[in-house]
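> sequence first, predicted coordinates after that:
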Amino acid sequence: MLLAAYATQGPDVLLDPPAITGEFRIAVASWAIRENASLTAVAAKFGYVGTAQIIKWKEIYSKLGPNGLLSIQKGQKPKMTKKKQTQTNKLSAEENRLAQLEDEVLRLKIQNEALKLLASIQQRTDNSQK
């Protein structure tokens, strides 16, 4: 397929493949179905070598027509629903607050020990001066 695309489209097809738009999908799928073309023939004509996508586009075009190909969105479907994401955000906010409180407790413990040490030193100096 790469060879067929390279032979008809030139070296640019490998470095700068065609932009995938709804219109491009419709053109590829409709031509491939109308001409009963192989994947190699599609690659040669359009310079697109995504075999799995071409097969999928042909199926969608056959079932839903051109509107089915226009409604395809880029990217993967989210694995988590928004409801779960907000619960995760709440947990992380609670975890952040817990970490802040733990840091404050540690700081106060250190400050308390320092004040105790200072008070004992002051008491020793007061006792030694008497």
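Cool, got the structure.
> could you use CA atoms for every contact and neighbour count after this?
Fine.
> for residue 101, report the pLDDT, please.
Note for residue 101: predicted pLDDT of 95.
> against residue 39, how distant is it?
In this view, residue 101 and residue 39 are 62 Å apart by C-alpha to C-alpha, to the nearest Å.
> tell me which of those two has more neighbours.
Taking other C-alpha atoms under 10 Å, residue 101 and residue 39 do not tie; residue 39 has more neighbours (19 against 12).
> how close does that one get to residue 15?
Separation of residue 39 from residue 15 (C-alpha to C-alpha) stands at 20 Å.
> could you point out the longest helix of this protein?
Looking across the chain with DSSP state H, the single longest helix is helix 82-129.
> tell me which other helices or strands that one touches.
Helix 82-129 sits against no helix or strand, with contacts defined as 3 or more C-alpha pairs under 8 Å, 6 or more residues apart in numbering; DSSP states H and E.
> tell me how far that helix lies from the chain's centre.
Its chain's C-alpha centre and that of helix 82-129 lie 38 Å apart, by C-alpha atoms, centre = their mean, to the nearest Å.
> touching, residue 40 and residue 4? I think so.
Yes. Between residue 40 and residue 4 there is a contact under C-alpha atoms under 8 Å: 6.4 Å.
> how about stretch 113-120: buried residues?
For stretch 113-120, the neighbour count (16 or more other C-alpha atoms under 10 Å) marks no residue as buried.
> for that stretch, C-alpha coordinates in CSV please.
The C-alpha atoms that make up stretch 113-120 are tabulated as CSV, following Å, rounded to 0.1, in the frame of the first residue of the first chain:
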residue,chain,number,x,y,z
GLU,A,113,9.7,21.6,71.5
ALA,A,114,11.8,24.7,70.6
LEU,A,115,9.8,26.8,73.1
LYS,A,116,10.2,24.1,75.8
LEU,A,117,14.0,24.0,75.2
LEU,A,118,14.2,27.8,75.3
ALA,A,119,12.2,27.9,78.6
SER,A,120,14.5,25.3,80.1
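> what pLDDT, on average, does that stretch get?
For stretch 113-120, mean pLDDT is 92.
> equivalent analysis for stretch 8-23, please.
Mean pLDDT, stretch 8-23: 78.
> in this protein, what spans have low per-residue confidence?
Regions of the chain meeting the criterion pLDDT under 70 cover residues 1-2, 82-91, 130.
> good, we can wrap up now.
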